[in-house]
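Colleague: Below is the structure, and that's it, no one-letter string:
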Ligand SMILES: Nc1ncnc2c1ncn2[C@@H]1O[C@H](COP(=O)(O)OP(=O)(O)OP(=O)(O)O)[C@@H](O)[C@H]1O
Ligand SMILES: [Mg+2]
């Protein structure tokens, strides 16, 4: 086999093999630059690919998997690739499949959490868990921690479940179990925290449940405690690849180390040594944004120490964005100290300047974004699906949502109150979870009296007393409710009816019934559907829709033969395992924020996507609106006086800017009243870090402060009877505002200007007209005011006089 691309020093990689099916070598290397190819073809020593945003790290990782399978004949089952979200995993799998075919399906491409669940489902007995363990998410954790606080009689003003959980999470990310925490407690407060951790962990175990952080910690413990188990996985995974390595925490690092290090510390010398897997990690220290979740930037900075004989490859060409966007990103991140300087460059050309807008308040900002999207769509410059709006905190989405609802712009919020967090969805899932794992007390108690069936708190207390007395789990006590001391007869019959229903449903699960079928039976048999149907609360209508959606999700899952994530690839290959209810629950438990991004449908205009900056990592969009650029919002108020936190916020800004391919908008509001009282925020310091010549300010604070709101967009035009850019939209509210602005400041006579004319502006002073656009009321002049910069002014309002 020959290659048309000469790659000095790398020819030896080409196998001298007979012809075979599959993609050609050239196809696998096509569309890659030299260092990217080197990374794809690298053999042996651990490999670190460090590179700025959009330089093709994820592309390289994907191609390398295809290369391993196709050129190096790696068995797909021997590949473990870690991505940051399930969505990214699915995309990566799909791309590899496109390249090398269906056999790629059995690779493990998943998040850390999913990979650990798969391992734990097989090995959980060694840790004393049953394989049907539940996975507790944030809401479950909170409920459980609240119970713990009650158990320990903690003062709720001093010890809040959220704070305790945060502390516990940090301990787990550092692989510290309750004993470690107790041993090291240095004062009363820490002792109490450690006691809460101990009880919390005991209760999790009783419920046969693990929380998110446990998944990783337990897997590391498993591999450390049972060398033979570790060797099994070391033998199995010959290739380990990790995307977004800069955001791994200590526990995740330890996991990789167990699987790939030359010398995991406790290897018994008598055991047969397994050659370490080939490891490739890719990442960008400038994009490390999860320190608050324990991510440790040192993991990437110290890679070469942690894995001696490691090789590094640097990528510098960016293929995502225009040079203007990259210059902005480089300038901002350049303000962080102690980083490795790297310059991103692009061949995409300068492209459009960044558009800036200073809004009166957050409504005005949202209106600006909405109208700008209309304009882009009307001019066919973008489809709604090309557009993303980023903000620092979830709560900021509401104003955008309100404007979009009013204008009829379809949108999607990623994160926020997510589908799986809605009450009815959680109720339905709680039913399913307790059917699979009756020891799961949190789920069982959640649905015991939902819908209301006459099992009140008193009855629950009686049953709990029985459970405590006889040291049995709550579910067993329910089944023996007749022994419960003091239980009213009416409650007893309600409990017995409940138990009978659950047993009937459990027999469906035992018979291997599909998830969607079980779910429909649950909703019908439990009376849940009837209670919603009979309600006259308008919200219950939506709840029914959401449940219908959940059944659809379950059906889709049940019909996907490869859906069972806990199924062993080899079993799937052999067609032995069909996805069951437990697999479905697992999939649902692991859905990450970004998994809700709508899939690309080429015929679809798509919907505008709203998300926090954190969720935007790894993604790209042709058009990006970076909003809320105010000190105290972004950077977050918490970070203002704290250098490391401020640097993390700056990395977040870098992530935000580098998501944009062609157009970037930046905006801020002078007044923001999102948290009750209106607050006046100064512009974000990150704005000052942008080179001035990159930004075209549509509206600045000076103009805003002095002249009300000179409106350059469609709404003012509509009011004045000019053709509207988005006639189908209802702009009444914006028009009213424009009216008010006009009343506040009567329009002036429009001076007739030409490029080169000298003008005098009331506050900017002398200037020279450099460009003109629009006519009559919409005439806009770009005027160079020397040290004040070039301003774009709507002449109808601007106080300029021709000299
Ligand atoms: N050699 C190349 N030629 C053309 N396009 C490329 C090349 N390498 C990468 N790309 C494209 O550039 C874009 C960015 O690539 P990718 O997402 O892999 O970058 P990344 O380094 O993972 O970015 P991030 O740091 O944001 O995760 C993608 O659209 C990708 O398809
Ligand atoms: Mg990437």
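Modeller: It's in. In this text the structure is predicted, and so the values were computed from the model without any measurement. Ligands and ions are numbered 1, 2, ... in the order given.
Colleague: what does the model give the closest residue to ligand 1 within the stretch 401-550 of the chain for pLDDT?
Modeller: Nearest residue of the stretch 401-550 of the chain to ligand 1 (CB to the nearest ligand atom) works out as residue 414 at 16.2 Å. All C-beta atoms are positioned from the backbone trio N, CA, C, and that covers glycine. With respect to pLDDT, residue 414 scores 82.
Colleague: Could you check how far it is from ligand 2?
Modeller: Plainly put, residue 414 is 17 Å away from ligand 2 if you go by CB to the ion, to the nearest Å.
Colleague: what's the closest non-adjacent residue to that residue?
Modeller: Nearest non-adjacent residue to residue 414, counting by CB to CB, 6 or more residues apart in numbering: residue 611, 3.9 Å away.
Colleague: next one: residue 174
Modeller: residue 250 (5.3 Å).
Colleague: residues near the one you found, how many?
Modeller: Neighbours of residue 250 under the rule other CB atoms under 10 Å: 21.
Colleague: for residue 334, same thing?
Modeller: Using other CB under 10 Å, residue 334 has 14 neighbouring residues.
Colleague: So the residue nearest to residue 174 sits against residue 171, correct?
Modeller: No. Using CB atoms under 8 Å, residue 250 is not in contact with residue 171; the gap is 10.8 Å.
Colleague: So which residues on the chain come close to ligand 1?
Modeller: Taking CB under 6 Å from any ligand atom as the contact definition, the chain meets ligand 1 at 31-33, 36, 51, 53-59, 284, 287, 319-320, 618, 620.
Colleague: how does it look with 5 Å?
Modeller: Counting by CB under 5 Å from any ligand atom, the residues of the chain lying close to ligand 1 are 31-33, 53-59, 319-320, 618.
Colleague: out of those, which are buried?
Modeller: Buried residues within the residues of the chain next to ligand 1, counting neighbours by 16 or more other CB atoms under 10 Å: 32, 53-59, 319-320, 618.
Colleague: Overlap of the contact sets of residue 250 and residue 171?
Modeller: Common contacts of residue 250 and residue 171 (CB atoms under 8 Å, 6 or more residues apart in numbering): none found.
Colleague: What parts of the chain come near ligand 2?
Modeller: Selection of the chain residues close to ligand 2 by CB under 5 Å from the ion yields 57-58, 618.
Colleague: any low-confidence regions in this structure?
Modeller: The chain contains residues with pLDDT under 70 at 1-22, 263-273, 415-418, 537-539, 560-578, 591-604, 674-677, 702-748, 777-778, 796-797.
Colleague: In it, where's the longest strand?
Modeller: strand 660-672 (DSSP state E).
Colleague: Now do the buried residues in that strand.
Modeller: Neighbour count says strand 660-672 has 660-670, 672 buried, by 16+ other CB under 10 Å.
Colleague: Could you dump those residues into TSV and include distance to residue 508?
Modeller: Formatted as TSV, these follow (distance: CB to CB, whole Å):
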residue	distance to residue 508
660	50
661	49
662	52
663	53
664	53
665	52
666	55
667	53
668	55
669	54
670	59
672	52
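Colleague: just curious, which of these is nearest to ligand 1?
Modeller: When the buried residues of strand 660-672 are compared for distance to ligand 1 (CB to the nearest ligand atom), residue 661 wins out at 7.8 Å.
Colleague: For the closest one, list the residues it contacts.
Modeller: Under the criterion of CB under 8 Å, 6+ apart, the neighbours of residue 661 are 320-322, 325, 620-623.
Colleague: try it again with 7 Å
Modeller: 320-321, 620-622 (CB atoms under 7 Å, 6 or more residues apart in numbering).
Colleague: mind listing what the closest residue to it other than its chain neighbours touches?
Modeller: Leaving aside its sequence neighbours, residue 661 sits nearest to residue 622 (CB to CB, 6+ apart; 4.7 Å). Counting by CB under 7 Å, 6+ apart, residue 622 makes contact with 382, 386, 661-663.
Colleague: For the helix or strand residue 115 falls within, which helices and strands make contact with it?
Modeller: Using DSSP states H and E, residue 115 maps to helix 112-123. Helices and strands touching helix 112-123, by 3 or more CB pairs under 7 Å, 6 or more residues apart in numbering; DSSP states H and E, are strand 79-82, helix 212-225.
Colleague: relative to helix 212-225, how tilted is it?
Modeller: 50 degrees (axes from the mean of the first three to the mean of the last three CA atoms, to 10 degrees).
Colleague: Residues contacting helix 112-123, please?
Modeller: For helix 112-123, the external contacting residues (CB under 7 Å, 6+ apart) are 80, 82, 86, 108, 131, 135, 212, 215-216, 218-219, 222, 229, 233, 252, 565-566, 586, 590.
Colleague: and the residue of the stretch 151-300 of the chain found nearest ligand 2, how many neighbours does it have?
Modeller: With CB to the ion, the shortest gap between the stretch 151-300 of the chain and ligand 2 falls at residue 243, namely 6.0 Å. Residue 243: 25 surrounding residues under other CB under 10 Å.
Colleague: residues contacting it?
Modeller: 58, 61, 82-84, 282.
Colleague: Could you find the closest non-adjacent residue to it?
Modeller: In space, residue 243 is closest to residue 83, 5.0 Å off (CB to CB, 6+ apart).
Colleague: Name the SS class of residue 72, please.
Modeller: coil (DSSP: H, G, I helix; E, B strand; the rest coil).
Colleague: how close does it get to residue 651?
Modeller: 35 Å (CB to CB, to the nearest Å).
Colleague: between the two, which one's more packed in?
Modeller: Taking neighbours as other CB under 10 Å, residue 72 and residue 651 compare with residue 651 leading, 24 against 15.
Colleague: Doesn't that one belong to a helix?
Modeller: Yes. Counting by three-state DSSP, residue 651 is part of a helix.
Colleague: which residues sit in contact with the nearest residue to residue 261 once chain neighbours are set aside?
Modeller: Leaving aside its chain neighbours, residue 261 sits nearest to residue 276 (6.3 Å; criterion: CB to CB, 6+ apart). With contact set as CB under 7 Å, 6+ apart, residue 276 has these partners: 260-262.
Colleague: mind redoing it with 8 Å?
Modeller: Counting by CB under 8 Å, 6+ apart, residue 276 makes contact with 234, 260-262.
Colleague: now, among those, which is nearest to residue 540?
Modeller: For the contacts of residue 276, the residue nearest residue 540 by CB to CB is residue 260; the value is 51.7 Å.
Colleague: For residue 61, see how far away the nearest residue to the closest one once chain neighbours are set aside is.
Modeller: If the residues on either side of it in the chain are set aside, residue 260 comes closest to residue 279, at 4.2 Å by CB to CB, 6+ apart. In this view, residue 279 and residue 61 are 12 Å apart by CB to CB.
Colleague: Columns secondary structure and distance to residue 445 on top of the buried ones among the residues of the chain next to ligand 1, output as JSON lines?
Modeller: Shown next, in JSON lines, are those (DSSP: H, G, I helix; E, B strand; the rest coil; distance: CB to CB, whole Å):
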{"residue": "32", "secondary structure": "coil", "distance to residue 445": "54"}
{"residue": "53", "secondary structure": "coil", "distance to residue 445": "46"}
{"residue": "54", "secondary structure": "coil", "distance to residue 445": "48"}
{"residue": "55", "secondary structure": "coil", "distance to residue 445": "50"}
{"residue": "56", "secondary structure": "coil", "distance to residue 445": "50"}
{"residue": "57", "secondary structure": "helix", "distance to residue 445": "45"}
{"residue": "58", "secondary structure": "helix", "distance to residue 445": "42"}
{"residue": "59", "secondary structure": "helix", "distance to residue 445": "47"}
{"residue": "319", "secondary structure": "coil", "distance to residue 445": "52"}
{"residue": "320", "secondary structure": "coil", "distance to residue 445": "48"}
{"residue": "618", "secondary structure": "coil", "distance to residue 445": "38"}
